[in-house]
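>>> curious how this folds, go ahead:
(2 chains)
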Amino acid sequence: MEDTVSLTETPDAKSEGGSLIRRILRMRETGLIAIILLLFIVMSFASPYFLTWVNMRAMTMAFAVEGIVVVGMTILLISGGIDLSVGSVTALAMVIAGWLFLNGVDPWVASGISIAACTGVGAFMGFFVTRIGLHHFIVSLGVMVIARGICLLGTGGRPLGLYTLPPEFKFIGQGSIGPIPVVIILFIVVVVAFDFMLRRTTMFRKVFYTGSNEKAAAYSGIRTKKVVFLTTTLCSALCGFAGIIYMARFGSAQPTFGIGMELNVIAAAVIGGASLKGGSGTIFGAILGAVLLSVVSSSLALLDVSVYWQDIIRGSILLAAVSIDHYLVKKRA
Amino acid sequence: MTDDVILKISNLSKSFGPIHALKGVDFELRKGEIHAIAGENGAGKSTLMNVIDGILQPDGGEIIFDGTQVKITSPAMAQKLGIGFVHQEIALCPDVSVSENIFMATTNISRSFLMDYKALEKKAADVLGQLSDIKPSTLVRNLSISHQQLVEIAKALTLDCRILILDEPTAALTEKEAQILFGIMRQLADRGISIIYISHRMVEIFDNCDRVSVYRDGNYITTQKVADIQPSDVVNAMVGRVIDDLYPQKQAEAEKSGEVILDVQNLTESSRFRDVSFQLEKGEILGVAGLIGAGRSEIVKGICQLEGEVTGDVTLNGKKLQLSSYRDSIAEGIVYLSEDRKGDGIFLDMSIASNVSALKPEQVANGLGLIQKPREDEQARELGERLNLKCGTLSDPVSSLSGGNQQKVAIAKMLSVNPKLIFLDEPTRGVDVGAKAEIHRILRNLARNGVGIVVISSELPELIGVCDRVLVVHEGRISGEVAGDQMTEKNIMHLASVGDAQATKH
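Next up, the predicted model:
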């Protein structure tokens, strides 16, 4: 439509700063925080266990590692891609590192090799997308199945028990610094680092340009294929990192781990404001999306709601959140 | 008198939230007339048309269609009444054949259960035959933009409509195709069909239309017979003030320095253009004319390394360039303003500030590669002021701006890197008259300040009005050059189609 209205106001400093509070209120993150707080209040009355330290810790642990994958997925979504293989690649990281460890490799070295291998898987997908020209969806669907197959092949379908993992390695997944689990510290470091970089660096600004309008980005001198290749690779690398943390936490490598993880991760990013069309999204928002899903799951479990109902409710939340947001964005435009 | 009125609209109003897009406007369309609608972007033209087509519902006012008051509640109902609308934006299914695309609208209102392919295909071929030599079986994806536009028009023609709305139909057409379209419009009008014709081009309105209605800021201004008025009257009514100089002053003799900014020699790309050589002098604005598909954009994109494998020499300010990508080109100070603003010129859903900084975000970042928001805003504010950009805040998405202001953002993006040479491809496409004149003045000022300016345009009056010299491209070669008094539409059109003349001689 041509009927966009041009405000006859020249840009000046006043109009930028004065509406800060309004801008915060309009931010999607604010709405999510409000919903999460509301859930907290309701649940603290509904269940005496909800606001306990044990439950909080369990809830945080539940989404912390997956949250690292959410970070990679969000960045990939912003660049216009998607990755269905995150669950398989996370399991692959565990299986590769676990297998190497059982064959006498030092666990730290095994982890390094495993993360490098997952990065390679990402590069492999990036190659198919940027060089062959296939869609992310189909490439990652293929890799999802291949990676799962490798996991099952390498383990015979049974979890690898890693009972001899040295305690300093298990510390990553099971230890605490003071009252705070190491897992949560790692999660926060990854989130804060990538959120900051995504908001501020020129490097990641190019991810937004590419996702927003790939052709316009190319016409701005941005090497869009390189950007997409790197975001694809980064997502798989972060899956590798997450896989290693899981391995340290469980003390085993589970070839069937992470089935359906892609749905949770994509849902979190989208609830948090990432667009499947690319060009928009924040890490902070995506993590809030993950928190929301996790709080809901935990609440439903505490309220003794059947597991099957939980799936129905989570799916409905995804649709409701995205619909409301779509409506608000349309109204604002 | 009232018998020959097919559509009468009175006191029509429409608001979008606090914005009054139409403030009680009138419109009267007679049977068999070609009625032009003129107005700047945001004047309410599109809203009015969308109400007539049933896409939007008015808040107040009445519509009388062929003597009876109607409420047009949907485009389907508009179709039943016999109202056809050819939108400016092409909305065809790319992977479906031309004939099936043309069927799309007719199938929808057809009463029969089965599709009568034979009859429809024949009808499609008949309609297309009047317009062009497009084969009905071609996939739309494989057509040029101008041919796609013709298919859109053919689609509307199959509807047996009584009112046909054409929203800037010639924007993507070549001169020849436009002339064919005007011929068909006249035929339709003679058959009693009424045509509403929206265009920014005064020449088209005055050559082809019977009456013109002007709107401004959601108000109805006037309706006049074109025979009774001058183009300048329409322009003045549109902008509400007198525009004395539609085009800025040209380069004076005394300003000529003879200093060469750009020297291109024997630029060749295997299939699309050959042996292109030209120079650009400091202070001048060089135009590039030619039919769509002649290779105008391709040559310029080739110089910038945006596409194609190009051979030949490019010298900028005495330095021979070895560019291997558009990044290199930007680094040397050569930038390209795309003809397809929404498609590849700007990031619609991103903020104004981040659009302006897109060519070199490093410029507003510190040593660590961190973007400094205040510096980014400052850059956008400074360039915005220079270009007289009208916007809310710099963090608003570009999609919230009017076409003219979006184009200014795209130009600000070019200027952000202090270029030495700017190629502008259709710099005023879809831009209203006021902003158009502003953009022309900006280009002249840049040229005065020593920036090389090359303008590609399909609008000959624009090239003649703005440029000091015009190169004409025909089938991948420069077929001639005109300057001074020689810059006339006739001369340029002759050079642009001279290949045809030669071909017939052989």
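
>>> any idea how far B:Q179 is from chain A?
Distance from B:Q179 to chain A, counting by CB to the nearest CB, to the nearest Å: 26 Å. Just so you know, the C-beta spots here come from the backbone N, C-alpha and C atoms, and that holds for glycine as well.

>>> helices or strands next to the host helix or strand of that residue in the packing?
Following DSSP states H and E, one finds B:Q179 within helix B:175-190. In this structure, helix B:175-190 makes packing contacts with strand B:34-38, helix B:117-131, helix B:145-157, strand B:194-198, helix B:202-208, judged by 3 or more CB pairs under 8 Å, 6 or more residues apart in numbering or on different chains; DSSP states H and E.

>>> can you verify B:V276 is assigned to a helix?
No. Applying DSSP: H, G, I helix; E, B strand; the rest coil, one finds B:V276 to be strand, outside a helix.

>>> which non-adjacent residue is nearest it?
The spatially closest residue to B:V276, leaving aside those adjacent along the chain, is B:L267, at 4.2 Å (CB to CB, 6 or more residues apart in numbering or on different chains).

>>> surely the one you found meets B:E298?
No. Counting by CB atoms under 8 Å, B:L267 does not reach B:E298; the two are 10.3 Å apart.

>>> in chain B, which segments are predicted with low confidence?
Flagging of chain B using pLDDT under 70 yields the residue ranges B:1-3, B:17-18, B:41-42, B:105-117, B:241-246, B:498-506.

>>> what's the domain layout of it?
Domain segmentation of chain B under automatic domain parsing yields B:2-239, B:253-505.

>>> so for A:S316, which of the ones you listed sits nearest?
domain B:253-505 (27.5 Å; CB to CB).

>>> and the one helix or strand A:V189 maps to, what does it pack against?
Taking DSSP H and E as the criterion, A:V189 maps to helix A:182-200. Packing contacts for helix A:182-200, counted by 3+ CB pairs under 8 Å, 6+ apart, involve helix A:53-78, helix A:167-174, helix A:202-212, helix A:224-250, helix A:283-302.

>>> and it, what's buried?
A:182-187, A:190-191, A:194-195, A:197-198, A:200 (16 or more other CB atoms under 10 Å in any protein chain shown).

>>> now these in a markdown table, with pLDDT?
Output for the buried residues of helix A:182-200, formatted as a markdown table (pLDDT from 0 to 100):
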| residue | pLDDT |
| --- | --- |
| A:V182 | 93 |
| A:V183 | 93 |
| A:I184 | 93 |
| A:I185 | 94 |
| A:L186 | 95 |
| A:F187 | 95 |
| A:V190 | 96 |
| A:V191 | 95 |
| A:F194 | 96 |
| A:D195 | 94 |
| A:M197 | 93 |
| A:L198 | 92 |
| A:R200 | 90 |
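
>>> center of the chain, which residue is that?
If you meant another chain, say so; for now it's chain A. A:V70 (0.3 Å; CA atoms, centre = their mean).

>>> not quite, I wanted chain B
B:R429 (3.2 Å).

>>> still on that earlier bit, the residue nearest to the centre of chain A against A:A267, yeah?
No. Look at A:V70 against A:A267 with CB under 8 Å: they stay out of range, at 9.6 Å.

>>> could you count how many residues lie near the residue in the stretch 1-150 of chain B positioned nearest to chain A?
Using CB to the nearest CB, the single residue of the stretch 1-150 of chain B nearest to chain A is B:S46, 4.5 Å away. For B:S46, the neighbour count with other CB atoms under 10 Å in any protein chain shown is 22.

>>> list the buried ones in the host helix or strand of it?
Assigned by DSSP H and E, B:S46 belongs to helix B:45-52. Neighbour-count burial for helix B:45-52, with 16+ other CB under 10 Å as criterion, is recorded at B:45-52.

>>> ok, A:L162 - contacts?
By CB atoms under 8 Å, 6 or more residues apart in numbering or on different chains, A:L162 lies in contact with A:98, A:101-102, A:247, A:251-253.

>>> one more time with 6 Å
Applying CB atoms under 6 Å, 6 or more residues apart in numbering or on different chains to A:L162 gives the contacts A:98, A:101, A:251-252.

>>> could you pick out the residues of chain B near chain A for me?
B:19, B:21, B:41, B:46-47, B:326-327, B:330, B:338, B:344-345, B:347, B:349-350, B:358-359, B:361-362, B:365, B:369-371, B:381, B:384, B:390, B:392-394, B:402, B:405 (CB under 6 Å from any CB of the partner chain).

>>> how deep is the nearest residue to B:C209 once chain neighbours are set aside tucked in, by neighbour count?
Excluding the flanking residues, the one nearest B:C209 by CB to CB, 6+ apart is B:A36, at 4.0 Å. Using other CB under 10 Å, B:A36 is surrounded by 26 other residues.

>>> tell me the contacts of B:A36?
Counting by CB under 6 Å, 6+ apart, B:A36 makes contact with B:197, B:205, B:209, B:212.

>>> quick one on the thing from earlier: how about CSV for the buried residues of helix B:45-52, with distance to A:P107 added?
Below are the buried residues of helix B:45-52 laid out as CSV (distance: CB to CB, whole Å):
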residue, distance to A:P107
B:K45, 70
B:S46, 65
B:T47, 67
B:L48, 72
B:M49, 70
B:N50, 66
B:V51, 71
B:I52, 73
